[in-house]
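Student: Requesting a structural model of the entry that follows:
(one chain, ligands or ions: 1)
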Amino acid sequence: MKYEGSIYRPPSEADSLILQVAVGCSYNKCTFCHSFQGKEFRIKSFEEIKEDIDEVCAYGPIPRIFLADGDALIIPQPGLVRILEYLKLKIRGLERVGIYANAVDVMKKTPEELKELNSLGLGIIYLGLESGNAEVLKRIRKNATAGQMVRAAKRVKEAGILLSITVLLGVGGVDLSREHAEDTGKILSEMDPDYVGALSLIVVPGTPMANDLQSGKLVLPTPFELIRELGIMIANCRFTNCFFASNHASNYLPLRIRMPQEKEKALQLIREVLKRKDPELLRPEYMRAL
Ligand code: SF4
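Tutor: Residues are numbered from 1 along each chain as shown. Reported below is the predicted structural model:
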């Protein structure tokens with residue numbers, strides 16, 4: 001396999017084969033994101049991708065494949081169809097293909113095109129909401145409004161594709177902490193995804209957000225304030241059936257809950273942690289990572 005630069009994948013794709021079909025992110029302007037800095041976006045040629053698939057297809061069954069990099073759903077429909085058809089033909093035991101996308105990528109596909117991708121094996125789309133608050137989305141230069149992301153979410157679900165949403169605790173800073181948590185819970189409810197992954201903001205040097213932090217424009221919430229955000233967010237979530245996880249290494253309080261069934265239990269735990277304010281209950285700082 002030939003990978004260009006660092007490769008990122010969702011935590012739940014840890015056991016998947018990562019097939020790099022594009023390099024970088026076609027947008028690459030979110031102020032907190034360091035993942036694809038310095039990588040010029042390009043879609044790999046089918047010949048390059050085919051070579052990788054031909055190389056791995058000899059190695060037994062591969063149940064899951066993740067298509068990297070940052071928003072591979074941007075690949076025009078004929079190209080993606082060709083990749084998925086070839087994977088179907090060559091990979092034994094393939095059960096699911098996953099991909100990162102942003103709302104613009106999703107809305108560029110018609111409902112029929114998404115259904116076609118689903119019929120060819122695309123089983124899950126990972127989309128970064130980060131925040132449901134309009135001001136926060138503007139500040140972090142996300143390339144879509146909350147409303148556009150809700151519409152994109154609905155289109156994904158209507159195509160029969162699983163939807164996994166990422167949100168970012170702390171991204172509203174101290175001043176918008178409550179609004180960020182409340183609005184994110186509400187927008188998540190409108191999206192009604194299958195999975196939610198909550199991460200906590202870690203500001204990476206060299207990003208525009210690091211400048212905001214340095215200039216004092218952004219003040220980060222404390223660990224317990226982040227847990228308070230998590231509680232407000234969960235309290236505002238109304239899901240049909242969703243697996244909500246805050247067990248990513250960036251978080252201070254790892255949770256894995258099925259909603260709506262375990263919502264009250266999670267809120268009780270958060271209330272208890274906030275009452276005791278005991279740092280021993282939190283993941284130690286040195287163990288946090290992106
Ligand atoms: S769309 Fe995703 S990958 Fe691209 S810059 Fe924003 S957060 Fe990073």
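Student: Distance of the closest residue to Thr207 other than its chain neighbours relative to the ligand?
Tutor: Of all residues not flanking Thr207 in the chain, His34 sits nearest, at 5.1 Å (C-beta to C-beta, 6 or more residues apart in numbering). C-beta: built from backbone N, CA, C; applies to glycine. Look at His34 and the ligand: by C-beta to the nearest ligand atom, to the nearest Å, they are 8 Å apart.
Student: likewise Cys30?
Tutor: As for Cys30, its distance to the ligand is 3 Å (criterion: C-beta to the nearest ligand atom).
Student: So, low pLDDT: which residues of the stretch 51-200 of the chain?
Tutor: Filtered on pLDDT under 70, the stretch 51-200 of the chain yields no residues whatsoever.
Student: all helices in it, in order from the N-terminus.
Tutor: With helices called from DSSP state H, counting those that start in this stretch, the stretch 51-200 of the chain shows them at 77-90, 103-108, 111-119, 134-139, 146-158, 177-191.
Student: Would you mind finding the most buried of those helices?
Tutor: Relative to the other members of the helices of the stretch 51-200 of the chain, helix 177-191 carries the highest mean neighbour count by mean count of other C-beta atoms under 10 Å, namely a mean of 22.
Student: name the helices or strands packed onto it?
Tutor: strand 122-130, helix 134-139, helix 146-158, strand 162-169, helix 223-235 (3 or more C-beta pairs under 8 Å, 6 or more residues apart in numbering; DSSP states H and E).
Student: Name all residues that make contact with the nearest residue to His180 once chain neighbours are set aside.
Tutor: Leaving out its chain neighbours, the residue that sits closest to His180 by C-beta to C-beta, 6+ apart is Gly172, at 3.1 Å. With contacts taken as C-beta atoms under 8 Å, 6 or more residues apart in numbering, Gly172 has the following neighbours: Ser131, Asn133, Glu135, Val136, Arg139, Glu179, His180, Ala181.
Student: I'd like to know which of the helices of the stretch 51-200 of the chain lies nearest to Met209.
Tutor: Go through the helices of the stretch 51-200 of the chain one by one with C-beta to C-beta and the one that ends up closest to Met209 is helix 134-139, at 9.1 Å.
Student: what does that closest one contact?
Tutor: Under the contact criterion C-beta under 8 Å, 6+ apart, helix 134-139 has outside partners Thr31, Glu130, Ser131, Ala144, Thr145, Ala146, Val171, Gly172, Leu176, Glu179, His180, Asp183.
Student: was I right about Gln20 contacting Tyr3?
Tutor: Yes. Counting by C-beta atoms under 8 Å, Gln20 sits close enough to Tyr3 to count as a contact (5.4 Å).
Student: contacting residues around Phe32?
Tutor: For Phe32, the set of contacting residues under the criterion of C-beta under 8 Å, 6+ apart consists of Glu130, Ile140, Leu168, Val171, Leu201, Val203, Val204, Thr207, Met209.
Student: I'm done for today, thanks for sticking with me.
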